[in-house]
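>>> Model the following, please.
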Amino acid sequence: MSFLREVWLFFQVRKKWWLLPTFLMVLLFGGLVVLSQGSVIAPFVYTVF
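Sure, this is the predicted structure:
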């Protein structure tokens, strides 16, 4: 959780709000990869790509 806090403080202090969508997409795809490892969702993820 401290990593997310540091990222949020980076966005606030440096005013790099244009990086926020990129960061969110990386988190989304990372979560998708973690969920697709040996789960029921895996066949559906492979059809997307």
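
>>> What average pLDDT does the helix or strand that residue 25 is a member of get?
With secondary structure defined by DSSP states H and E, residue 25 is part of helix 20-36. Mean pLDDT, computed over helix 20-36, is 83.

>>> Only the buried residues of it, if you could.
residue 36 (16 or more other Cβ atoms under 10 Å). For the C-beta atoms, the positions are set from N, CA and C on the backbone; glycine is no exception.

>>> export that helix as CSV, just CAs?
Output in CSV follows, covering the C-alpha atoms of helix 20-36 (Å, rounded to 0.1, in the frame of the first residue of the first chain):
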residue,chain,number,x,y,z
LEU,A,20,-2.6,8.4,-14.5
PRO,A,21,-4.4,6.6,-17.4
THR,A,22,-1.2,4.8,-18.3
PHE,A,23,-0.6,3.7,-14.7
LEU,A,24,-4.2,2.5,-14.4
MET,A,25,-3.9,0.5,-17.6
VAL,A,26,-0.7,-1.2,-16.4
LEU,A,27,-2.4,-2.1,-13.1
LEU,A,28,-5.4,-3.4,-15.0
PHE,A,29,-3.4,-5.6,-17.3
GLY,A,30,-1.2,-6.8,-14.4
GLY,A,31,-4.3,-7.8,-12.5
LEU,A,32,-5.6,-9.6,-15.6
VAL,A,33,-2.4,-11.6,-15.8
VAL,A,34,-2.6,-12.5,-12.1
LEU,A,35,-6.2,-13.6,-12.4
SER,A,36,-5.6,-15.6,-15.6
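
>>> Could you name the helices and strands sitting against it?
helix 42-48 (3 or more Cβ pairs under 8 Å, 6 or more residues apart in numbering; DSSP states H and E).
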